[in-house]
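J.: Predicted structure and sequence below. I'll ask about it afterward.
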Amino acid sequence: MAKATIVSAPGKVLLTGGYLVLDRSYKGLVVAADSRFYTIVRSISDVVSVSDKPVVRVKSPQFLNGLWEYEVFASDVAQITLRPVESSQAKNPYVESALVNALEVAMSIVPTFHAKLGNGLEIQIVGANDFYSQREQLAHQSLPLTTESLKSLPAFCPTLTNISSVHKTGLGSSAAMITSLVGAVVSHFDAVQLPKRSERPTEGAASDGMRLVHNTAQVAHCLAQGKVGSGFDVSAAVYGSHSYRRFSASVIDGYIEKQKTPASVPSNGILSVIDQPSNTWDNEIEQFALPPRFNMLLADIDAGSSTPKLVSQVLAWRKANAEEAQVLWSKLGAENSALEMHMRELASVAASDINAYNTVVDALAKENAALWSSSLPATNDGKKRRGSPIRDLFMSIHQSFQRIRGHLREMSDLTNVPIEPEEQTRLLDACLEVPGIIMAGVPGAGGFDAIFCIALSDAAREQVEGVWKSWTEMAVAPLLSRESNAGISRIESESDVPGLSDALHSISEQPTQ
Ligand SMILES: Nc1ncnc2c1ncn2[C@@H]1O[C@H](COP(=O)(O)OP(=O)(O)OP(=O)(O)O)[C@@H](O)[C@H]1O
Ligand SMILES: C[C@@](O)(CCOP(=O)(O)O)CC(=O)O
């Protein structure tokens, strides 16, 4: 079998900065998940009978009808057009956009592109189970909706449905999929270098490769979505956890508009957008990691919300109420920055004295976070005792995040958009009753999609999962994802990823309907 190029990219959780991060004046704190997409690219070595053109065949074995096959037409000016081999094939604009843009980049950079493309490419794409709700799969196996059941599923489990009907969990499947697909295609042509697993280059060829893949994936994602978003999800898929300031929409919106009327595309094409001087791409990435023993837990809420609808309503309110919005946006932005600063300080304190840090965590993990300040014994003269600087930082983080939630509820009230709806407030408050839960909130755009909690101990994790299990107001399904800082990476071999070979070779392909 032809040698495979494998590239992987993670999902994301936006801890702070929902809505604000759409505006370059504010930053968002995005944490990468250990749930990842994997794209495997091989050259087709056999003669393809379906066409005399090169063919790109994309398979998503987790889905019914997860097969897209295209003939590739390449113009002299490195413009790629894909034509579906079967006209009845369902469209997948995200896959198409990633392929077109990645092939254009490869063709613009690699002089031997046509020879390397040969008969075409065979591509497989799989995403970790957490990207898609496993409710149906568990019901199919008569298993309860628990972490134990989820752990018993094979990796990259079939979803038993079409891609258009699958329930997503908010981890950013389209951004992680596009990023891994773009990364795998351009790497396959040796157009760029990407870091191997656990390498985090800050300079050199791999860092340049990440920049080009990032810029290409942002363009591809915006073209597929039909609009220029904040791009934090693609950024997390490339760079892992970080605090993010978006790129100015003007960096790509001219190109996006031109792509809608292809005849007018400038002959210098995609490289003129993705390989501009670094000061043109003005996105800012500052690496970030949760402090030690901060265990991020996620749950999917069955009710669900439409993010584009929430965003358009909030932005419409902001436009109509500029002054009031400015006040709210500035105080929320300031609180988001304060939280990030406290977490960075805490991580650095932990690095300098891990024993003292662990002693504080062990004590706090046994107490309800709201009582951390009041549980300090009074001094002899009856005054409130100050905690240790480490304990104070933990308290500041808890209190700061509670203020952030307060501002989000204010945003909900003012905009009449359910960002932290009352149902979610009740659930989050119940999670915070568990000793050792330092933060509980709605990630990203909020609504009825998901919640996250940060637990300081295994006991806290188990107890909060108990709260979810017994919650009756909404169906709360645990996810298995945890934080992992890593961004895009190149994988040497299928066998390096548990379950990947089985998923690619032994999942009996799902029938087409
Ligand atoms: N495994 C996959 N194979 C091929 N395409 C996929 C796969 N997973 C996702 N996609 C593409 O991504 C699209 C979903 O994008 P959409 O923007 O609706 O979701 P999202 O906002 O990324 O969702 P979420 O954040 O909940 O994961 C699908 O319709 C499909 O085009
Ligand atoms: C509301 C918004 O700021 C965040 C949406 O985050 P999520 O997709 O709900 O994780 C939109 C965006 O930044 O693209």
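T.: Received, thanks. Ligands and ions are numbered 1, 2, ... in the order given.

J.: so what's residue 108 up against?
T.: 78, 269, 270, 271 (CB atoms under 8 Å, 6 or more residues apart in numbering). Where C-beta positions appear, they are placed from N, C-alpha and C, glycine not excepted.

J.: how about 6 Å then?
T.: 78, 271 (CB atoms under 6 Å, 6 or more residues apart in numbering).

J.: so where does it fall, helix or strand?
T.: helix 93-109 (DSSP states H and E).

J.: Quick one: mean pLDDT over whatever helix or strand comes next after that helix.
T.: Next along the chain after helix 93-109, taking DSSP H and E as the criterion, comes helix 113-117. Averaged over helix 113-117, pLDDT sits at 95.

J.: Equivalent analysis for stretch 45-52, please.
T.: According to the model, stretch 45-52 has a mean pLDDT of 70.

J.: The helix holding residue 108: how far from the chain's middle?
T.: Centre-to-centre, helix 93-109 and its host chain are 21 Å apart (CA atoms, centre = their mean, to the nearest Å).

J.: Just the buried residues of it, please?
T.: For helix 93-109, a neighbour-count test (16 or more other CB atoms under 10 Å) marks 94-109 as buried.

J.: Just the mean pLDDT for that helix, thanks.
T.: 97.

J.: Next, see if it gets close to ligand 1.
T.: Yes - using CB under 6 Å from any ligand atom, helix 93-109 comes into contact with ligand 1 via 94, 95.

J.: quick thing: my sequence starts at 47, can you match it?
T.: In the new numbering, first residue 47, that becomes helix 139-155.

J.: rewinding a little: which of the buried residues of helix 139-155 lies closest to ligand 1?
T.: Ligand 1 lies nearest to residue 140 out of those, by CB to the nearest ligand atom, at 3.7 Å.

J.: How about that closest one: what's its closest non-neighbour residue?
T.: residue 270 (4.5 Å; CB to CB, 6 or more residues apart in numbering).

J.: what's the strand or helix carrying that neighbour packed up against?
T.: Residue 270 is part of helix 251-271 when elements are defined by DSSP H and E. Helices and strands touching helix 251-271, by 3 or more CB pairs under 6 Å, 6 or more residues apart in numbering; DSSP states H and E, are helix 139-155, helix 219-234, helix 278-285, helix 296-306, helix 317-320.

J.: out of these, nearest to ligand 2?
T.: helix 278-285 (5.4 Å).

J.: For ligand 2, tell me whether the helix holding residue 270 is touching it.
T.: No - using CB under 6 Å from any ligand atom, we find that helix 251-271 stays clear of ligand 2, coming within 9.4 Å at best.

J.: can you list the domain ranges for the chain.
T.: 51-335+537-548, 341-524 (automatic domain parsing).

J.: Please list the residues of the stretch 97-246 of the chain that sit near ligand 2.
T.: Counting by CB under 6 Å from any ligand atom, the stretch 97-246 of the chain sits next to ligand 2 at residue 216.

J.: just to revisit the earlier point, what's the most buried one of the domains of the chain?
T.: Among the domains of the chain, domain 51-335+537-548 has the highest mean neighbour count (mean count of other CB atoms under 10 Å), at a mean of 20.

J.: From start to finish, how long is it in a straight line?
T.: 17 Å (CA to CA, to the nearest Å).

J.: same deal with stretch 331-342?
T.: First-to-last residue span, stretch 331-342, CA to CA: 21 Å.

J.: Tell me what angle the longest strand seen in the chain forms with helix 139-155.
T.: Using DSSP state E, we find that the single longest strand of the chain is strand 74-89. Interaxial angle of strand 74-89 relative to helix 139-155 (axes from the mean of the first three to the mean of the last three CA atoms, to 10 degrees): 70 degrees.

J.: what's the spacing between strand 74-89 and its chain's center?
T.: Worked out by CA atoms, centre = their mean, strand 74-89 lies 8 Å from the chain centre.

J.: and that strand with ligand 2, contact?
T.: No - judged by CB under 6 Å from any ligand atom, strand 74-89 stays clear of ligand 2, getting no closer than 6.9 Å.

J.: C-alpha coordinates for stretch 109-120, CSV please?
T.: This file holds the C-alpha atoms of stretch 109-120, laid out as CSV (Å, rounded to 0.1, in the frame of the first residue of the first chain):
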residue,chain,number,x,y,z
PHE,A,109,-21.0,8.1,8.6
LEU,A,110,-23.6,6.6,6.4
ASN,A,111,-22.9,7.8,2.8
GLY,A,112,-19.6,9.2,4.0
LEU,A,113,-17.9,9.0,0.6
TRP,A,114,-17.1,12.0,-1.7
GLU,A,115,-15.3,11.5,-4.9
TYR,A,116,-14.1,14.3,-7.2
GLU,A,117,-12.3,14.7,-10.5
VAL,A,118,-9.5,17.3,-10.2
PHE,A,119,-9.1,20.1,-12.8
ALA,A,120,-6.1,22.3,-12.4
